[in-house]
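Engineer: below: sequence and its predicted model.
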Amino acid sequence: MDAILIQILNGLDKGGAYALIALGLTLTFGTLGVVNFAHGALFMLGAFCAVSVQQLLTISKKVKDESITFFDAYKEQPYLEIWWGDTGTAIIDYAVPISILFAIPVMLLIGVAMERGLIKHFYKRTHAEQILVTFGLAIVIQEIIRSIYGANPIPTPAPDIVAGSAAVGAALGLSENLVYPWWRLIYLAFSAVIIFGVFAFLKYTTFGMVVRAGMSDRETVSLLGINVERRFTIVFGLATVVAGLAGVMYAPILPPDYHMGMDFLVLSFVVVVVGGMGSLGGAVAAGFLLGILQSFASMNEVKTILPGIDQIIIYLVAVVVLLVRPRGLMGREGVMED
Amino acid sequence: MMNLSLKNNMVVMLIFSAVVLTAPLWLDPIGANYPDLLQKFAIFGIFAIGYNILFGLTGYLSFGHATFLGVGSYTAVWSFKLFTMNVVPAIIFAIIIAGVFALAIGYISLRRSGIYFSILTLAFAQMSYSLAYSVLTPITNGETGLQLSIQDPRYIDAMAGVAVKEGLPSTNLFGQLMSGYSGFYFCAVMLIIGFYVSLKIFRSPYGLKLIAIKSNQNRMNYTGFNTRPYLLSAFVISGMYAGLAGALMAVTDPLAGAERMQWTASGEVVLMTILGGVGTLVGPLIGVGIIKYFENIFSAMNESVLHEIFNFLPQAMENIVVSVTQHFVGEGWHLTLGALFMLVVIFLPGGIMEGITNIIRFVKKKLGMSVDESGDTL
């Protein structure tokens, strides 16, 4: 029982990341009709927002280390600590949450610039060309990040207060041994909040209503005199922000490196296809579903029966789903079927 | 009377063979005349013209062709380990096994088209890659990669009584060692054969049917034409080309690793094909030449080399230019590649061949010559 619960939790937080990225991808498909291979790179850029904020906050100066008295020793001390003492230390500790505030405008800007500067010119081109140009863009973004930050993963710790593990088992009245890292629980809650936020935005605001209308019949909406294109640009920006935030929060779980985006991209595409192109609910459901399936497949009991299944389960599910239900679990008719 | 234009296959093949076989001569002035690089040109050339038969003719964008390359390499190395160091059986086995893989993957993937097809091939490629790294370690030797060893049985060689020497044996073609220039010439002959097959396909009713599928598959279906066998056969043929390329990699350097199967490797062949000109006969080869040549030059550059290149500039300007350009060379070569690729897709979707055609047409118009609108199929 414990083992199963822990696998579900494991699956949920990974699934959260898949769901957030897949949500953004689907928004782009559904509104702009563009296959964005650079979406994984946006996730990676989000993670590097956290890295940048952390590095900015810890800009240091060499000071004499007072604790060593035998000889002159120097240590790096961040300016924030020098200026503000303990408050400074606390701010540095909270680098990752702070970088959320930083990431939102930055990612929005990047998204809008990308749409206006590049994607816009590819609406009328074939899907193959859209894939190719965004693939090129992904390489460029990735390499720029590598030439700035280097090739090694950069550890970006979460605040100390949530460093430990939560006694999930005890809280639920189960075994005491069942513990789970706090930050992963936070990630799960965070992704749930973002997902509900995006859905509420699309469902309960006028803007969202127009966007949904545009997704199902773009021509009619524009004939009504509504500037659909501008709204879709904003939706692209929104998708970028969602991917970026998913990246920011993922930084403490997986130290960011320049190719993390590509690793997640392939999986997220599979998630979108399983969920059904153009279906937001499908993307989220498939994200969590595949996350959980993957974590169950990596249990030792399963691996002894089917060796290597943990490596391929997601792709296997995708192949089966595509062959049995070509539109995915919750796909709509007429999306990407020309 | 014999028709001496490019429409005649024999003329094309004569010119092509002459160009390929004299490559060491005319590549010498630009510093690309050494066996390693020449072999790479030929091997990736085979890979790209094979890929072009699928993507160029039918328009199906596969992101999984590196799988067949990897399968070819593994098969060839196993043939070296188990049977003989002669390259002929290795190549035959590699082509057959890669073809079988392509048949299986193609049969399933081709049930869908467009973006779904791309993602299915991507899924299969990632699956093969992960398996090669994990469960299939007894066959693929995992992260270390498959290598020759002294304990290998090599049954046929043992039966034929090939003298066992000290150290690892090398690959050979009936006694002729496959390293250096002889390796290149072997690859070049394979490239010429591969090009001939591709030329025949391009200029046959079969090739025309593939092009018809690209331009309007629905209409083909409505006329009562079953497109599936054609697509599948094109997929298998291009998979076999990839297998041949993989085998030649193992021939020139007998080891095989799973990283050859990663989807970025599939991305590379797409890139080469697009850069040169997708759907043209020689375009993919031009793409391969450019990418491999500049990869070779750019990735060897570093800051001090750049300072030497730009030292005709005033000191301050030199420093600025170097500090900008150093991000694009050495480790940053991929940045150049990505940027170049984006520029080509944005401004010249037909690749370099389209550029050349446009220039020729422009010049002809200026000179008042008649323009052949049907286009050359080279």
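Structural biologist: Cool, the structure landed.

Engineer: which residues does the residue nearest the centre of chain B contact?
Structural biologist: Closest to where the C-alpha atoms of chain B average out (C-alpha atoms, centre = their mean) is residue B:47, at 2.5 Å. The neighbourhood of residue B:47, defined by C-beta atoms under 8 Å, 6 or more residues apart in numbering or on different chains, consists of B:65, B:69, B:241-242, B:245, B:269, B:288. (Glycine included, C-beta is placed from N, CA and C.)

Engineer: same thing with residue B:345?
Structural biologist: Residue B:345 touches A:129, A:132-133, A:136, B:274, counting by C-beta under 8 Å, 6+ apart.

Engineer: may I see those residues organised as CSV, with pLDDT and distance to residue A:156 added?
Structural biologist: Shown next, in CSV, are the contacts of residue B:345 (pLDDT from 0 to 100; distance: C-beta to C-beta, whole Å):
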residue, pLDDT, distance to residue A:156
A:129, 84, 36
A:132, 86, 32
A:133, 89, 31
A:136, 88, 28
B:274, 89, 36
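
Engineer: filtering the contacts of residue B:47 by proximity to chain A, which remain?
Structural biologist: Among those, none lies close to chain A by the criterion of C-beta under 8 Å from any C-beta of the partner chain.

Engineer: low-confidence bits of chain B, can you list those?
Structural biologist: Regions of chain B meeting the criterion pLDDT under 70 cover residues B:1-4, B:162-167, B:370-378.

Engineer: what does it put close to chain A?
Structural biologist: Close to chain A, as judged by C-beta under 8 Å from any C-beta, chain B has residues B:59, B:61, B:108, B:111-112, B:114-116, B:118-120, B:122-124, B:126-127, B:130-131, B:133-136, B:263-264, B:267, B:270, B:274, B:327, B:331-332, B:334-335, B:337-339, B:341-342, B:345-346, B:349.

Engineer: what about 6 Å?
Structural biologist: B:61, B:114-115, B:119-120, B:123, B:126-127, B:130-131, B:134-135, B:327, B:332, B:334-335, B:338-339, B:341-342, B:345 (C-beta under 6 Å from any C-beta of the partner chain).

Engineer: and the stretch 1-150 of chain A, which of its residues are near chain B?
Structural biologist: So the stretch 1-150 of chain A meets chain B at A:35, A:127-129, A:132-133, A:136, A:139-140, A:143, A:147 (C-beta under 6 Å from any C-beta).

Engineer: what's the farthest-apart pair in those residues?
Structural biologist: Greatest spatial distance among these (C-beta to C-beta): A:127 and A:147, at 30.6 Å.

Engineer: which residue packs closest to the residue nearest the centre of chain A, ignoring adjacent ones?
Structural biologist: For chain A, the residue sitting closest to the mean C-alpha position, by C-alpha atoms, centre = their mean, is residue A:246 at 3.0 Å. Excluding the flanking residues, the one nearest residue A:246 by C-beta to C-beta, 6 or more residues apart in numbering or on different chains is residue A:20, at 3.7 Å.

Engineer: go on, residue B:109?
Structural biologist: Nearest one to residue B:109, counting by C-beta to C-beta, 6+ apart, is residue B:120 at 4.2 Å.

Engineer: does the one you found touch residue B:110 like I think?
Structural biologist: No: with contact defined as C-beta atoms under 6 Å, residue B:120 does not count as touching residue B:110 (8.7 Å).

Engineer: comparing those two, which residue is more hemmed in?
Structural biologist: residue B:120 (27 against 21; other C-beta atoms under 10 Å in any protein chain shown).

Engineer: surely the more buried one is within a strand?
Structural biologist: No: assigned with DSSP: H, G, I helix; E, B strand; the rest coil, residue B:120 falls outside any strand and is helix.

Engineer: buried residues of the one helix or strand residue B:45 maps to, list them for me.
Structural biologist: Using DSSP states H and E, residue B:45 sits in helix B:35-58. Neighbour-count burial for helix B:35-58 flags B:35, B:37-58 (criterion: 16 or more other C-beta atoms under 10 Å in any protein chain shown).

Engineer: run through who's touching the helix or strand containing residue B:25.
Structural biologist: Assigned by DSSP H and E, residue B:25 belongs to helix B:23-26. Contact with helix B:23-26 is made by residue B:33, as judged by C-beta atoms under 6 Å, 6 or more residues apart in numbering or on different chains.

Engineer: got the contact list for the helix or strand where residue A:229 lies?
Structural biologist: With elements taken from DSSP H and E, the one containing residue A:229 is helix A:228-250. If you take C-beta under 6 Å, 6+ apart as the criterion, helix A:228-250 is touched by A:17, A:20-21, A:23-24, A:27-28, A:31-32, A:39, A:42-43, A:46-47, A:49-50, A:99-100, A:103-104, A:107-108, A:111-112, A:115, A:187, A:190, A:210-211, A:214, A:218, A:221-222.

Engineer: now for the closest residue to chain B within the stretch 201-338 of chain A: which residues touch it?
Structural biologist: Taking C-beta to the nearest C-beta, chain B has its nearest neighbour within the stretch 201-338 of chain A at residue A:308, 3.2 Å off. Contact analysis of residue A:308 by C-beta under 6 Å, 6+ apart lists B:131, B:134-135.

Engineer: tabulate those (JSON lines), appending neighbour count.
Structural biologist: Converted to JSON lines, the contacts of residue A:308 look like this (neighbours: other C-beta atoms under 10 Å in any protein chain shown):
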{"residue": "B:131", "neighbour count": "19"}
{"residue": "B:134", "neighbour count": "19"}
{"residue": "B:135", "neighbour count": "19"}
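
Engineer: roughly how far apart are the residue in the stretch 101-250 of chain B positioned nearest to chain A and residue B:74?
Structural biologist: Closest residue of the stretch 101-250 of chain B to chain A, C-beta to the nearest C-beta: residue B:135 (3.2 Å). Distance, residue B:135 to residue B:74, by C-beta to C-beta, to the nearest Å: 14 Å.

Engineer: what about the strands in the stretch 101-250 of chain B?
Structural biologist: B:146-147, B:172-173, B:176-177 (DSSP state E, counting those that start in this stretch).

Engineer: ok, back up a step: so which of the residues of the stretch 1-150 of chain A next to chain B are in helices?
Structural biologist: A:127-129, A:132-133, A:136, A:139-140, A:143, A:147 (DSSP state H).

Engineer: report the buried members of those.
Structural biologist: A:127-129, A:132-133, A:136, A:139-140, A:143, A:147.

Engineer: just the element for the residue of the stretch 251-378 of chain B found nearest chain A, please.
Structural biologist: When scored by C-beta to the nearest C-beta, the stretch 251-378 of chain B has residue B:338 as its residue closest to chain A, at 3.1 Å. Assigned by DSSP H and E, residue B:338 belongs to helix B:333-347.

Engineer: can you list the buried residues in that helix?
Structural biologist: Buried-residue list, helix B:333-347, by 16+ other C-beta under 10 Å: B:333-342, B:344-346.

Engineer: just checking, the residue nearest to residue A:246 touches residue A:191?
Structural biologist: Yes: judged on C-beta under 6 Å, residue A:20 makes contact with residue A:191 at a distance of 5.3 Å.

Engineer: which of these two has more neighbours?
Structural biologist: residue A:20 (31 against 27).

Engineer: check contacts around that one.
Structural biologist: Neighbour list for residue A:20: A:191, A:242, A:246 [criterion: C-beta under 6 Å, 6+ apart].

Engineer: please name the nearest non-neighbouring residue to the first one.
Structural biologist: If I follow you right, that is residue A:191. Nearest to residue A:191 is residue A:16, by C-beta to C-beta, 6+ apart, at 3.3 Å.

Engineer: cool, residue B:344 as well?
Structural biologist: With C-beta to C-beta, 6+ apart, the residue lying closest to residue B:344 is residue B:275, at 5.5 Å.

Engineer: count the residues that sit near the one you found.
Structural biologist: 27.

Engineer: secondary structure class for it?
Structural biologist: Assignment for residue B:275 (three-state DSSP): helix.

Engineer: please tell me how far it sits from residue B:354.
Structural biologist: 11 Å.

Engineer: count of neighbours near residue 63?
Structural biologist: Using chain A here. Residues near residue A:63, counting by other C-beta under 10 Å: 12.

Engineer: switch to chain B, please.
Structural biologist: Around residue B:63 there are 27 residues (other C-beta under 10 Å).
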